[in-house]
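# kindly generate the corresponding structure for this input.
(2 chains)
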Protein chains: 2
Amino acid sequence: MRSNRHSQTIVQRFQEPFTFETTYLGNTETISELEVAHEEWGNPAHPVILVCHALSQNTHATDLDYPDDFHRSWWTSMVGPGRAVDTDKYRVICINMLGGCGGTSGPATVNPETGRPFGLHFPVVSIGDMVRSQKILMDHLGIKRLHAVIGGSMGGFQALEWGILYPDFVERIIPVASSAYSNQFMIMTNRVQIDAIQSDRVYKQGDYHDGAVPESGLAVARMVGFTTFISPLMMEKKFQKDRNSKREPHADAGFHQQMLHEAENYLRHVSEPFSKDFDPNSMVYLLQSWTHFDLAIKYGTLAKAVEPIQAKTMLICASGDNLFPPYLSYDVLRALEVNNKKAEVVTIDDDYGHDFFLIPEIILDKITPHLVRFLST
Amino acid sequence: MRSNRHSQTIVQRFQEPFTFETTYLGNTETISELEVAHEEWGNPAHPVILVCHALSQNTHATDLDYPDDFHRSWWTSMVGPGRAVDTDKYRVICINMLGGCGGTSGPATVNPETGRPFGLHFPVVSIGDMVRSQKILMDHLGIKRLHAVIGGSMGGFQALEWGILYPDFVERIIPVASSAYSNQFMIMTNRVQIDAIQSDRVYKQGDYHDGAVPESGLAVARMVGFTTFISPLMMEKKFQKDRNSKREPHADAGFHQQMLHEAENYLRHVSEPFSKDFDPNSMVYLLQSWTHFDLAIKYGTLAKAVEPIQAKTMLICASGDNLFPPYLSYDVLRALEVNNKKAEVVTIDDDYGHDFFLIPEIILDKITPHLVRFLST
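Numbers count the residues shown, from 1 in each chain, chains lettered A, B, ... in the order given. Below is the predicted model of the structure:
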């Protein structure tokens, strides 16, 4: 089975039924047992900060043995001793999303009733379901309160749902590069990615586990994603030098005499390994969860949705994020202000694009000072 | 064979070799005969305006029998009696791009040496090659001079190359929503589309003519394209009402209990018919021509590239075009001004996105007045 399990990841099995509440469908489905994978760092006696990961990530937010290796884990510059999410001060926990393939139950999990991976027989997953599965783990670990929930992109969706579903439990929520709903561009670009995976001719309605895996569809999907994670301006800065350099033929090109620009090689370089490592059905499920996330639809209006929140809220966005533009954070701010909640938006002046929240230089220079202040209030 | 041939389209065969000059590869290839498809409207005695089409279009720019049916042809609101490109005043000609599948030679053309479609054995096509094939038709038709060359998107690439390659022949060039080079975002999003087609498991290195056609890869490619043709803001305006409406299951969904938003249905609605009508190899060739278009690389610098131009130039761009943002038109303007050429940029204040140049309301209200003035100078 494909998974991103790391040696430090602990998979906790709960041998009780877990019911999914896919409210937009008006129905519920149940699995007979639930697995939740997590990692943690810092002193178990300290206040707890929960880190929620984005679409394609896993529990491996940081690695305290390699605090300066920014390539080994996805949020090393954010989580560690002396970092914004300081493992000297906090107990930090990161949980794999429900529906993912990093240890928590998802479509790649073996269905105990059939002995085969669930595939598309896994229930439809909502962001609320993810948060409820995380709460089960919190209770199991004996945690009574979260100092903060922080997450980027889809992780920010979870942070908001945490504040709504468990208002007594959460003191601070920090959605970064995130939103209270999917806008139409996200819905469209997610659909392209889902169709790229499901139209791969070996996809077989998600039951591909005995034969070829739809890696080429997943690679195309991932390439689509990457064109939205970096801003066009950043792409120009990153690759423009190529405009004056000699182009070399690409040996693996399917197109005779084809020459690939550096930007094209980059796209393949980031997509191909991913397509061999991630479960295609998981990608479909997580994209669906993203697409159907809309607190305004779920709770009536955005103002009604955030009404239960008791946590202080800091939303962090960036001017150059064209996937989650700042207006989406301000929508949340306005809804919170209508309810007289404590909230602020920090808009980072940066052109990088949506992935700014994963870039060490931006985290260290532009995000950390705001987080240190907010977490210590 | 797949083609978009319309009854009015005239295909002219030139039984002489045509040599492709793919300068970025430093080599040349030849086909033994050339076919060029065109349509024309207006009085043959009048000054000639050449219309160059964009990526997926054809010779059918307008239909004088249906001057008010904006769905029948792709530029009806631009070309016709009393329109900006006035068929009462001008002889208007539209030629299918070399490498396309609308009647002009391309990868779907039968190779006379093998009796089978060229497929990937068709030579690599550059924008310059397209223009050179169009000049052969102009000479054949006895045309000595063009009052103007106008084109949107890739059609604008051709307009610029017309001005450079045949400076004595062209009086006015009008690149709309266009550029003098592909930026890195275009290069990346074109690569995703090419890989979506070529990774369809029935693509068979482009030799799919005896079996299943890689329609699903082409449909995904087209969906990727559509996410770049309309601005995120326009998508929000177009589909936001759906955020408060009930969602119905989609009968054909590959994902059980899947619900499609209106925006997702729209994407499929525009992509699926296209994928059954257009030649996948043609799409690959035209996207390659686009990606490799860079007048600065071809001619050394942009200023050197435009130096031969004798035509007056009007560049039209729109503020909300995030595929060809206005800076790309201003790059051309600056290069022309360095050479003391007559040139201007018209920036339309509109949020529609790249496809603004195809929208009747925008053409009639915001583009036509500028064109009428420019064409009559």
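
# where does the prediction get shaky in the stretch 201-350 of chain A?
A:241-258 (pLDDT under 70).

# ranges for the helices of it?
Secondary structure of the stretch 201-350 of chain A by DSSP state H, counting those that start in this stretch: the helices cover A:215-229, A:232-239, A:262-277, A:280-291, A:295-299, A:302-306, A:326-338.

# tell me the angle of the first one relative to helix A:280-291?
It refers to helix A:215-229. Calculated by axes from the mean of the first three to the mean of the last three CA atoms, to 10 degrees, helix A:215-229 forms an angle of 30 degrees with helix A:280-291.

# CA-only coordinates of helix A:215-229 in PDB, if you can.
C-alpha atoms of helix A:215-229 as PDB (Å, rounded to 0.1, in the frame of the first residue of the first chain):
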ATOM      1  CA  GLU A 215       0.300   7.500 -11.700                       C
ATOM      2  CA  SER A 216       0.300   9.400 -15.000                       C
ATOM      3  CA  GLY A 217      -3.200  10.800 -14.200                       C
ATOM      4  CA  LEU A 218      -2.000  11.700 -10.700                       C
ATOM      5  CA  ALA A 219       1.200  13.300 -12.100                       C
ATOM      6  CA  VAL A 220      -0.900  15.500 -14.400                       C
ATOM      7  CA  ALA A 221      -3.200  16.400 -11.500                       C
ATOM      8  CA  ARG A 222      -0.100  17.400  -9.500                       C
ATOM      9  CA  MET A 223       1.200  19.500 -12.300                       C
ATOM     10  CA  VAL A 224      -2.100  21.400 -12.500                       C
ATOM     11  CA  GLY A 225      -1.800  22.000  -8.700                       C
ATOM     12  CA  PHE A 226       1.700  23.400  -9.100                       C
ATOM     13  CA  THR A 227       0.600  25.900 -11.600                       C
ATOM     14  CA  THR A 228      -1.600  27.400  -8.900                       C
ATOM     15  CA  PHE A 229       0.800  27.100  -5.900                       C
END
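
# that one near chain B anywhere?
Yes. Residues of helix A:215-229 contacting chain B under CB under 8 Å from any CB of the partner chain: A:216-217, A:219-220, A:223-224, A:226-227. Yep, even glycine has a C-beta here, placed from its N, CA and C like the rest.

# any chance of the helices of the stretch 201-350 of chain A in CSV, plus mean neighbour count and distance to B:Ala343?
Output for the helices of the stretch 201-350 of chain A, formatted as CSV (neighbours: other CB atoms under 10 Å in any protein chain shown; distance: least, CB to CB, whole Å):
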stretch, mean neighbour count, distance to B:Ala343
helix A:215-229, 25, 32
helix A:232-239, 19, 23
helix A:262-277, 18, 29
helix A:280-291, 26, 45
helix A:295-299, 20, 48
helix A:302-306, 20, 48
helix A:326-338, 19, 36
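
# right, so of the ones you listed, which gets closest to B:Tyr330?
Ranking these by their distance to B:Tyr330 (criterion: CB to CB) puts helix A:232-239 first, at 14.5 Å.

# which residues does that closest one contact?
Under the contact criterion CB atoms under 8 Å, 6 or more residues apart in numbering or on different chains, helix A:232-239 has outside partners A:230, A:261-263, A:266, A:320, A:322, A:351-353, B:183-185, B:187-188, B:322, B:325.

# again, only this time at 10 Å
Residues from elsewhere that reach helix A:232-239 (CB atoms under 10 Å, 6 or more residues apart in numbering or on different chains): A:226-227, A:230-231, A:243, A:261-266, A:320, A:322, A:350-356, A:359, B:183-189, B:228, B:322-323, B:325, B:327.

# how far does it sit from the chain's center?
Centroid separation for helix A:232-239 versus its chain: 24 Å, with CA atoms, centre = their mean, to the nearest Å.

# quick one: it to helix A:262-277, angle?
100 degrees.

# what segments of chain A are strands?
For chain A, the strands defined by DSSP state E cover A:10-14, A:18-22, A:27-31, A:34-41, A:48-52, A:79-80, A:85-86, A:91-95, A:110-111, A:116-117, A:148-152, A:172-176, A:312-318, A:343-348.

# partners of the first one in the sheet?
When you say that, I think you mean strand A:10-14. Note on strand A:10-14: by DSSP bridges, its sheet partners are strand A:34-41 (antiparallel).
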